[in-house]
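S.K.: turn this into a model:
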Amino acid sequence: MSHDLIPLFALFSTFGSFSFIAYLFFNTRNRERMALIEQGQDASIFVKPQDSVSMTLRLGLLAVGVGLGILIAEGLYTAGFREDVAFPAMIFLMGGAGLLLAYLIEEKGRKKVSEARELRDAKKHQQHSVETHG
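M.R.: Just a heads-up that it's a prediction; the model follows:
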């Protein structure tokens, strides 16, 4: 084989492998859904709730953390720290802090939603018991 064809072969092999894996994934998922539908069962277990707000929050806070990490690392480098230590350490540290902050914000939001649902269900239960006994 000519040496000129090796990169082309690698490109087609990589693309073909990913395409084949994607085909198998979607084909198998479709077969499973069809089997559930044929048996009269609910196929909604395959549907994931879209949570685009939390992904945007995570990416935004990650970017802010990385930016702060670079800024702090520049200050540390100016103060005498080695560049090859200060920059990766601060980028990962502050990026992780941003993701941790996103997690805490999401958990706080989930708790609020859960509490609101519980309150709504309690009111609904109370109204139902008043209607049946009153």
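
S.K.: count the neighbours of residue 21 for me.
M.R.: Here the number of neighbours of residue 21 (other C-beta atoms under 10 Å) works out to 10. The way it works is simple: take the backbone N, C-alpha and C, and place the C-beta from them, glycine included.

S.K.: let me fix that, I meant to ask about residue 72.
M.R.: For residue 72, the tally of surrounding residues (other C-beta under 10 Å) stands at 17.

S.K.: one more: residue 111?
M.R.: Neighbour count of residue 111, defined by other C-beta under 10 Å: 10.

S.K.: and it, how close does it get to residue 60?
M.R.: Residue 111 is 21 Å from residue 60, where distance means C-beta to C-beta, to the nearest Å.

S.K.: please apply the same query to residue 91.
M.R.: For residue 91, the distance to residue 60 - C-beta to C-beta - is 16 Å.

S.K.: neighbour count for the two, which is higher?
M.R.: residue 91 (18 against 12).

S.K.: work out for me the element the more buried one sits within.
M.R.: Secondary structure from DSSP states H and E places residue 91 in helix 83-133.

S.K.: what's the answer for residue 80, then?
M.R.: Applying DSSP H and E, one finds residue 80 in no helix or strand.

S.K.: tell me how many other residues crowd it.
M.R.: With other C-beta under 10 Å as criterion, residue 80 counts 7.

S.K.: need the contact list for it.
M.R.: Going by C-beta atoms under 8 Å, 6 or more residues apart in numbering, residue 80 touches no other residue.

S.K.: and with 10 Å instead?
M.R.: Shown in contact with residue 80 (C-beta atoms under 10 Å, 6 or more residues apart in numbering): residue 86.

S.K.: can you list the domains in the protein?
M.R.: The chain breaks down into these domains under automatic domain parsing: 1-47, 49-134.

S.K.: report the rounded mean pLDDT for the last one.
M.R.: Confidence over domain 49-134, taken as the mean pLDDT, stands at 87.

S.K.: what separates it from the chain centre, distance-wise?
M.R.: Offset of domain 49-134 from its chain centre (C-alpha atoms, centre = their mean, to the nearest Å): 12 Å.
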